[in-house]
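Peer 1: can you look at this prediction? I've put the sequence above it.
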Amino acid sequence: MPRHRKVLVTAVALVAAATTVSGAVVSSARSGPAKLTASSATGCTSSKGTLRYGIAGAGIAQLDPNTINFAGQAPLQTTLYNGIAKYDRNMQVVPDLATKWRSSKDLKTWFFSLRKDVKYSTGRKFTAEDVRANILRVLDPKVTSQQRANAKDIRSVRVLNPYLLRIKLGSPSAILPNALVDIKMSDTANVDTLANSGTGTGPYKVGSFVPNQSLTLVPNPNHFGGKACLQRIEFVREPDPTAMVTDFKAGNLDMIWQVRPTDVPAVASSSVSFLRPKGVSGAHVWELDTTSEPFNDIRARQALSYAIDRKTMNRAAFSGLATPSYGNSLISASSAFYSKKLKPYTFNLQRAKQLFDAAGVRPGTTFTFWALAGRRDEWITMAQILQQDLQKIGLNLSIQRSDVSTWLSKFFPAGKKYPNTIIANYFSMPPNPTYAMKQGQFGSCECNWKNNTFEAQALKAPGVVDLAERQKVYDVMQQLFSVQAPVMVIAHQTNIVAHQKRVSGAWEDAQGNVHLEEAKVSG
Amino acid sequence: MLRYVFRRVVTSLALLVLGSILVFCLMRVIPGDPTITKLGGSIREVDEATLAEIRGDLGLDKSLPEQYLDWVAGVARGDFGSSYFSQFSVTTLITQRFGATLLLAIMAMLIGALIAVPASIAGAIWPNRPLEAALSGFAAVGIAIPTFVIGICLIIVLGVELEWLPTQGYVSFQRDPLGSIRSTLLPAITLGIGVAAATMRILRPSLIDVGSASFVRTATGKGLRRRHVVVRHELPNASIPAITAAGIIVAHLVGGAVIVEYVFARPGLGTLLVDSVYQRDYGVLQTLVLVAVAAFIATSLVVDVILGLIDPRLRTKAVT
């Protein structure tokens, strides 16, 4: 290979790597029209076979993609719907219904060009008006959309022509397309029936739907990207994780979501595989009310962090499959963005006792551990380990489980007081660290923590283009979060998804969302 | 007789109203509400003002009596409201699932009757034998063991080990009648065992009581075969207490169906009820409880009327 070509290839590789690591899209988006990748199409010429997908415990209650609140229905986001941008298998943001995008120099104005061959499953044409309507709907405070958190800086959305859109922001952002990945282009012309019609532009459409029970997807004949790979996808609700595993082992299910870590050895066999996401951004956390006793005292929070035996918890609750967060960071220790400067909270009960004493937590004090009933058994395992360890230093832990509504009402929305209580929760965080660390912001975190430096850095992060500079911002935020410990980050882990080896093409993203848009079943 | 029926109908309606008020109030005093469940804890940066606005849209900001009257007015118009979550009308949700529960209830009653009646007859024909002890044991155990334990045992034995019957799911009767019955058999047996045990607990002592009546002695003295005496003379008389208890058995059936449908992942009204409790989906829950209470009251009413027709002393007693 000639030397200049080799240099060029190396340079291109470096740029690509930098883009991947940063999660930013500016460089690729500014480099002219973005090519549609193969993943925009399904890659299938015919629809064959049925995939049965098992979900334990809860069912799919509704199909509106922009008010989704159950991770179990994440596969619908990419089978029924598209966004204008999406993650590819390497967790890079690439165009989906857009063909290209570019931003102004100040990163406050963005232009998105759209595909012209897209139709909804009803046959109606998709245009820039639909993008505008969906974004505005997400921004409406009365719409219960979790997508709003990352898009709330959008000030205006203007349709320049049916296939060109302009978005103006309140402050610079180099990562706007990342924020738009999760805003799906539902059929806003029929918004009243969206929750049960599931009308979108994806490769599949709804065949039948019984809320909380069963859902069948069939190929969408109007899909712009070729034929759906499967003839049917059936979402099956199983009564509990044990029943789900039993049905899977009997061959009645092709894929099961959220396998309990302790069930992994029982599920594993020569005919079974597990989805392996590239990177992990979700975390099991314990939230504390930093405005009520005793956790309004930083020493009590640090004491609790020292009392957490993360290593044992990982072994006992997650079968060693999680990544413990010794540095108490919202970013996984396995991520390139994890700050190397964090001081670990190594399990140390004597240090914990000293700090609890200093914070005025007297021996005999009882904390409440607030968890869900019938789900997330791993939380209880972790709580039992903490219970035993706290007993050694004269403190008690009362473990309480309740149904989801009662559980939520204790601490949600942010601002509620819950003294002496440890809330077990799972943060399903976006892969981009800028958005992941929003979980620590005031008004977002139910921990009620407010730190002005953290808030300022969180505002600054989206507008920093240079990767090294942005890492410095992340370092400051992680350092603050680790020392202040408003939330106990126990371990990072995605949902464990098992599938029969006859299933191919499915994948799981760093957030734990399962992608079935290119899934196939053989035999 | 008409006066008797009228009084029973009025009492039943009053019970229905009381039941609906009770459920309405209970759901609102327990923690959580549909708005919070809908937001799911996954939606950040929601303040109380926004929550209040969303609650206002759902009509949850009104006083409890206002909310109740709104709902009752809707029911009177035949509008039971919609699910806060799926946006399906409650009527659609119930229609989608009614078939699965109805089939389960019919099959469970049939299985219960097929076990209880012949077993009780056998106990009466061959008294004081090991069979008697076995039947008493079955009745006691059938009532004592929780339905979900019976269900799990049957799943393991008949579903997983022997692979005779499907352990989960439901096939619509209209689409595949045989497949539908097959998919309902295991949950129906689970529920039917409880129904059989409850029926036997009433029918067997009743048969023993009737066995000492003079008309039975007469029949026996005429030289009739024991089987004939039991089936033709004892059973019709001994059935009255069992018919009286039909209302209780129906209540048992409704309660059992909730658990059984959940264990067998059946898309019936029981599963819908449990989900609506978890989600605090008030409209769905209130309607379902209303339906259950109405079913119970209607059964009791029918039983009372039948008993009143059979035994004139009962209706005289009730009216005076």
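Peer 2: Received, thanks.
Peer 1: can you pull up the bridge partners for the closest residue in space to A:S121 that isn't next to it in sequence?
Peer 2: Nearest residue to A:S121, sequence neighbours excluded (C-beta to C-beta, 6 or more residues apart in numbering or on different chains): A:K205, at 3.8 Å. For every residue, glycine as well, the C-beta is placed using N, CA and C. Counting by DSSP bridges, A:K205 forms beta bridges with A:V218.
Peer 1: per-residue pLDDT, A:K205?
Peer 2: pLDDT for A:K205: 97.
Peer 1: next, count neighbours for it.
Peer 2: 23 (other C-beta atoms under 10 Å in any protein chain shown).
Peer 1: ok, it touching A:T199?
Peer 2: Yes. Counting by C-beta atoms under 8 Å, A:K205 touches A:T199, with 7.4 Å between them.
Peer 1: what do those two both touch?
Peer 2: A:80, A:121 (C-beta atoms under 8 Å, 6 or more residues apart in numbering or on different chains).
Peer 1: how about stretch A:470-484, does it reach chain B?
Peer 2: No. Residues of stretch A:470-484 contacting chain B under C-beta under 8 Å from any C-beta of the partner chain: none, with a closest distance of 15.8 Å.
Peer 1: for that stretch, buried residues please.
Peer 2: A:470-471, A:473-482, A:484 (16 or more other C-beta atoms under 10 Å in any protein chain shown).
Peer 1: just confirm A:S292 is within a strand.
Peer 2: No. Applying DSSP: H, G, I helix; E, B strand; the rest coil, one finds A:S292 to be coil, outside a strand.
Peer 1: from B:A294, how far out is the residue nearest to it when sequence neighbours are not counted?
Peer 2: Leaving aside its sequence neighbours, A:S292 sits nearest to A:P419 (C-beta to C-beta, 6+ apart; 3.7 Å). Distance of A:P419 to B:A294, computed by C-beta to C-beta, to the nearest Å: 45 Å.
Peer 1: A:A322: neighbouring residues, count only.
Peer 2: With other C-beta under 10 Å as criterion, A:A322 counts 24.
Peer 1: mind listing what it touches?
Peer 2: A:261, A:284, A:314, A:490-493.
Peer 1: give me the subset of those lying in strands.
Peer 2: When DSSP state E is applied, those are split such that A:284, A:490-492 fall in strands.
Peer 1: can I get those in a markdown table including pLDDT, neighbour count and distance to A:F112?
Peer 2: Listed next are the ones in strands among the contacts of A:A322 as a markdown table, based on pLDDT from 0 to 100; neighbours: other C-beta atoms under 10 Å in any protein chain shown; distance: C-beta to C-beta, whole Å:
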| residue | pLDDT | neighbour count | distance to A:F112 |
| --- | --- | --- | --- |
| A:H284 | 95 | 24 | 36 |
| A:I490 | 97 | 26 | 39 |
| A:A491 | 96 | 26 | 37 |
| A:H492 | 94 | 27 | 32 |
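Peer 1: just these now: which is nearest B:C25?
Peer 2: A:H284 (37.1 Å; C-beta to C-beta).
Peer 1: so who does the spatially closest residue to the closest one that is not a sequence neighbour touch?
Peer 2: Distances taken as C-beta to C-beta, 6+ apart place A:I490 nearest to A:H284, at 4.8 Å, with adjacent residues excluded. The contact partners of A:I490, taken as C-beta under 8 Å, 6+ apart, are A:283-286, A:308, A:310, A:313, A:322, A:324-325, A:382.
Peer 1: now tell me which helix or strand of the chain has the poorest mean pLDDT.
Peer 2: The chain I'm using is chain A. helix A:26-30 (a mean of 38; mean pLDDT, DSSP states H and E).
Peer 1: let me rephrase: I mean chain B.
Peer 2: Result, chain B / mean pLDDT, DSSP H and E: helix B:312-319, a mean of 58.
Peer 1: how about the secondary structure of the residue of the stretch 151-300 of chain B at minimum distance from chain A?
Peer 2: Nearest residue of the stretch 151-300 of chain B to chain A: B:P267, at 4.1 Å (C-beta to the nearest C-beta). The three-state assignment at B:P267 reads coil, by three-state DSSP.
Peer 1: burial measure for it, as a count.
Peer 2: When neighbours are defined as other C-beta under 10 Å, B:P267 has 23 of them.
Peer 1: what's the answer for A:A316, then?
Peer 2: Neighbours around A:A316, by other C-beta under 10 Å: 17.
Peer 1: remind me which helix or strand it belongs to.
Peer 2: helix A:310-318 (DSSP states H and E).
Peer 1: show me the contacts for residue 293.
Peer 2: Assuming you mean chain A. Contacts of A:E293 (C-beta under 8 Å, 6+ apart): A:419-420.
Peer 1: wrong one, I was asking about chain B
Peer 2: If you count contacts by C-beta under 8 Å, 6+ apart, then B:V293 has B:15-16, B:19-20 around it.
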